[in-house]
Structures are given as C-alpha cells and as structure tokens.
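S.K.: When you get a sec, could you give me coordinates for this:
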Amino acid sequence: MPDVYDEDRVSVISQNLAAAIDAATFGESSWDQVPAILSDAFPGSWGGLANMNFSESRLNFLSLQNMDPAFVAAYAEHFAYINPWNTYWGSFKRTTIGASEEVCPAQNFAKTEFYNDWLLPQDRAVAAVGLKIVGERDEAVNLLLHYPLSKSGVYDRAALEVLTSIRGNLERSINLARLLRADVENAITKTALVERSRCAAFVVDGDRHLRDANPLAEQLFASGEGVAVRRGRCRLADANADARFAAALDRLSRGKPTSVSRIGFRTAAGAWQVSLAALPTAQSPGGGRLVMLPPRGMVLVLVVALGSGGSSRANLEPLAHVFGLTESEIVFCKRLLLGESIIEAAEQLGITQGTARTRLKMIFQKTSTSRQSELMLLLVNAS
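M.R.: As a prediction, this is how the structure comes out:
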C-alpha cells in the first residue's frame with residue numbers, strides 16, 4: 001500500500017537518504033539527490049534543501065525537487081525572502097525537527113503573498129516537515145518536505161521518523177563542510193595579503209568581520225586612526241565614509257557591482273584613502289563539496305594615509321618643475337591629497353565637475369599615471 005509506512009519502509013527510506021547525504025558530502029554525487037529521494041518516497045510531495053542566512057537575507061544554496069521550474073525560479077528570486085516560516089526557523093539556535101501542522105501551521109499565513117501566490121498553487125502542498133541545522137552567523141541548512149494537507153495524517157509521522165534517523169548524517173556533513181570552507185577562506189585571504197606589504201591591507205566579509213590583516217593594518221588598528229576594529233568588526237573613523245564603506249562591502253561580498261571602489265575621508269589625524277576589491281571564490285579549491293556551504297564573499301581593503309591634517313600646505317611645488325603642472329593643477333592635487341573626491345574638490349575650488357575631471361585627466365597625462373590611487377602615492381611621496 002502506497003500510504004503504509006511501517007518500520008521497514010521508514011528504515012529503507014532513511015538508509016537511502018543517509019547514503020545520498022554521505023555521497024554528496026564527499027563530492028561523489030549531487031546534493032539534488034537528497035531532496036529528490038525524500039520527495040520520491042512520499043508521492044505527491046516536493047522536497048527542498050536550502051542554506052539560508054536569515055540576518056543577511058541571503059540564499060546560499062537551493063535545491064527544490066519534484067516542482068515546476070517556474071515555481072523554483074520564483075522562490076529563488078522572491079519568495080525565499082518573504083517566506084513566513086523564516087521567523088520560526090530563525091528562532092532556533094540548535095538542530096530542530098518539526099511538523100508544520102503541530103508547531104506552526106501554514107494556515108497561520110493564509111493572508112500572505114507567500115501562501116496564496118506560491119504555496120497554494122502547488123497542489124495545495126501546505127503541510128510540511130522540516131529539519132534545521134544551525135550554521136555560522138545566522139546561517140541555517142533546512143531539509144524540507146511539503147505535501148497536501150490531506151496526507152498530513154500519514155506523512156507527518158513517517159517523515160519525522162526519517163528526518164530524525166538521518167539527522168546525524170546531515171550534521172556531520174555540515175560540520176565537515178564548515179571545516180573545509182574555513183580552510184578555503186583562509187587560503188583565499190592569505191593569497192590576497194601575501195603581496196600587499198607597502199600599505200595597510202586587510203580582508204573582511206560583507207558584515208565587516210575582520211578575517212585577516214597584514215602588519216601595517218594591525219598597526220593602523222592599534223593606533224585607532226583612520227580605521228578601528230570593535231568587537232571583531234572594522235569601521236572607518238568618519239561616519240559618512242563608514243556608511244559608504246558598509247554599503248560597498250555588502251554589494252561586493254554578494255558579487256554585485258558597485259560604483260564605490262575607493263573612499264576618501266579626513267580626520268583630525270589626517271587624510272585617508274580606502275580602496276576595496278572583491279576576492280574571487282569561484283575557483284576555490286573546495287570544488288563541488290562546498291556547493292551547499294560556499295565560501296563567503298570577502299573583500300580586500302587597502303588603506304593609504306595621504307598625509308597630515310595640514311596637507312593643504314604640503315609642498316607640491318617641485319611637481320610643477322618635474323611634470324610641468326600648472327598652479328591650478330597643483331591646487332587641485334592638494335585638495336585630492338586631503339582625501340576629497342573629485343566632486344568635493346570641484347565644490348571647494350568653485351569649478352564645475354566637468355572642469356575638475358578634465359583637470360584630473362591632464363594631471364594623469366603629465367604625471368604618467370592612469371588611476372587616482374597611483375597619483376595619490378606620487379603626491380604623498382612628493383610632499
């Protein structure tokens with residue numbers, strides 16, 4: 001009988017599922033097999049496996065099986081982030097197994113977009129069982145099974161027994177993946193810093209957590225000037241610059257483009273230039289074994305002290321003779337040396353932004369530099 005789940009049948013399903021988890025752990029098969037086996041064992045259901053970071057609203061991994069591709073795409077693009085069960089799962093700080101009809105019925109969300117536009121159209125698969133394993137920094141791995149409410153009386157008990165049986169396998173897999181991911185992230189970080197010895201360089205994740213730093217960056221942190229580390233998180237000394245820093249980190253760590261790659265600001269101690277670049281993770285040495293717990297996006301940060309608070313009086317006149325810079329170009333360079341942006345320098349000098357950009361291009365040509373960071377290093381050395 002298809003709806004009879006005796007001890008032997010539950011045992012076979014559990015063994016098959018455990019074997020699939022172990023195989024995926026060591027890269028011998030796809031993680032897609034795990035929710036597929038679970039769904040096939042309970043006709044009329046769909047299975048899901050996901051890694052969701054609740055605090056960052058970031059979907060790190062998703063596999064939905066026995067589901068129309070259009071619903072899979074809709075979940076990945078939109079419904080994963082408004083899933084009302086996220087609040088329930090996010091409240092647990094330990095491994096948790098439960099049946100929705102017993103602990104948090106879907107009917108509680110009957111007036112939500114998630115329930116009416118995504119869940120109900122799928123053969124009214126509103127009943128569910130789930131297993132959550134707590135990851136790192138609000139990460140959560142969920143193995144789920146959804147089915148029509150009419151099957152809840154039979155499926156709830158059997159599916160809970162299966163999830164309880166394979167809990168250890170999935171926990172061991174996640175723990176191994178965490179260790180491997182940590183090794184991969186450390187390797188990426190070390191590689192990024194190894195050749196950055198001329199200025200303060202450090203690596204952070206999208207939530208400002210400091211991952212590693214070179215000796216010059218450690219000295220910078222200790223001085224408390226320009227950049228500070230508080231409770232393991234990096235902050236810029238200027239509030240406006242720090243807000244831009246946070247926004248750029250968030251986008252770069254997510255692999256999204258940002259117009260902010262360099263931030264200049266001033267403090268009582270001097271002027272600073274901060275450059276940011278996303279670190280590549282696509283070709284990390286973890287391979288397929290890290291597909292469910294991919295290396296987190298990290299950002300390389302370079303900090304250059306552009307000079308003291310009196311940099312507006314810096315002696316840049318020798319550059320006029322060496323590179324043929326005009327007096328107005330020297331004055332413009334002094335504004336940049338203070339950490340001002342092109343727009344800020346234009347405002348201070350009473351010129352248009354277009355004039356400021358033209359002036360900068362001419363300075364690039366005369367000094368044989370092509371980027372503002374190169375020009376800043378030249379100006380610092382000259383002053």
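S.K.: show me what contacts Glu171?
M.R.: Thr95, Ile133 (C-beta atoms under 8 Å, 6 or more residues apart in numbering). C-betas here are computed from N, CA, C, even on glycine.
S.K.: May I have the distance across stretch 292-304, first residue to last?
M.R.: Its first and final residues considered, stretch 292-304 spans 37 Å by C-alpha to C-alpha, to the nearest Å.
S.K.: Sorry, wrong one. I was asking about stretch 58-74.
M.R.: 15 Å.
S.K.: how far does that stretch sit from the chain's center?
M.R.: 20 Å (C-alpha atoms, centre = their mean, to the nearest Å).
S.K.: Please work out the average pLDDT along that stretch.
M.R.: Average pLDDT, stretch 58-74: 95.
S.K.: List the neighbours of that stretch that are in contact with it.
M.R.: Contacts of stretch 58-74 (C-beta under 8 Å, 6+ apart): 31-32, 34-36, 38-40, 45-53, 75-76, 80-81, 118, 121-122, 139, 254, 291-294.
S.K.: same deal with stretch 191-211?
M.R.: Here stretch 191-211 makes contact (C-beta under 8 Å, 6+ apart) with 56, 137, 185, 189, 212-214, 216-217, 219-220, 227, 229, 232-235, 246, 249-250, 252-254, 279, 296-304.
S.K.: Now it: buried residues?
M.R.: With burial defined by 16 or more other C-beta atoms under 10 Å, the residues of stretch 191-211 counted as buried are 192-193, 196, 199-211.
S.K.: Then stretch 50-68?
M.R.: Those would be 50-53, 56, 58, 60, 62-67, for stretch 50-68 by 16+ other C-beta under 10 Å.
S.K.: same check, this time on stretch 10-22
M.R.: Within stretch 10-22, the residues scored as buried using 16+ other C-beta under 10 Å are Val10, Ile13, Ser14, Asn16, Leu17, Ala18, Ala20, Ile21, Asp22.
S.K.: Same check on stretch 116-132?
M.R.: Of all the residues in stretch 116-132, those buried under the rule 16+ other C-beta under 10 Å are Trp118, Leu119, Gln122, Ala125, Val126, Ala127, Ala128, Val129, Gly130, Leu131, Lys132.
S.K.: Output the residues you listed in JSON lines, with pLDDT appended to each entry.
M.R.: Formatted as JSON lines, those follow (pLDDT from 0 to 100):
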{"residue": "Trp118", "pLDDT": "96"}
{"residue": "Leu119", "pLDDT": "94"}
{"residue": "Gln122", "pLDDT": "92"}
{"residue": "Ala125", "pLDDT": "93"}
{"residue": "Val126", "pLDDT": "94"}
{"residue": "Ala127", "pLDDT": "95"}
{"residue": "Ala128", "pLDDT": "96"}
{"residue": "Val129", "pLDDT": "97"}
{"residue": "Gly130", "pLDDT": "97"}
{"residue": "Leu131", "pLDDT": "96"}
{"residue": "Lys132", "pLDDT": "95"}
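S.K.: Out of the residues you listed, which comes closest to Phe92?
M.R.: Relative to Phe92, the closest of the buried residues of stretch 116-132 is Lys132; by C-beta to C-beta it sits at 6.1 Å.
S.K.: element containing that closest one, please.
M.R.: strand 127-134 (DSSP states H and E).
S.K.: ok, then the element right after that strand?
M.R.: Proceeding C-terminally, strand 127-134 gives way to strand 139-147 as the next helix or strand, assigned by DSSP H and E.
S.K.: Which residues lie in contact with Ala20 in this structure?
M.R.: Ala20 neighbours (C-beta under 8 Å, 6+ apart): Ser29, Gln33, Val34, Ile37.
S.K.: switch to 6 Å and redo it
M.R.: Ala20 makes contact with Gln33, Val34, Ile37, according to C-beta atoms under 6 Å, 6 or more residues apart in numbering.
S.K.: Against Asn175, how distant is Asn214?
M.R.: Distance from Asn214 to Asn175, counting by C-beta to C-beta, to the nearest Å: 31 Å.
S.K.: which parts of stretch 221-238 are buried?
M.R.: Applying 16+ other C-beta under 10 Å to stretch 221-238 flags Phe221, Glu225, Gly226, Val227, Ala228, Val229, Cys234, Arg235, Leu236, Ala237, Asp238 as buried.
S.K.: From Ala24, how far out is the last one?
M.R.: Applying C-beta to C-beta, the value for Asp238 to Ala24 is 47 Å.
S.K.: next one: the second one
M.R.: Taking C-beta to C-beta as the criterion, Glu225 is separated from Ala24 by 48 Å.
S.K.: One more: the first one?
M.R.: As defined by C-beta to C-beta, Phe221 lies at a distance of 40 Å from Ala24.
S.K.: any low-confidence regions in the stretch 1-150 of the chain?
M.R.: Along the stretch 1-150 of the chain, the model assigns pLDDT under 70 to residues 1-2.
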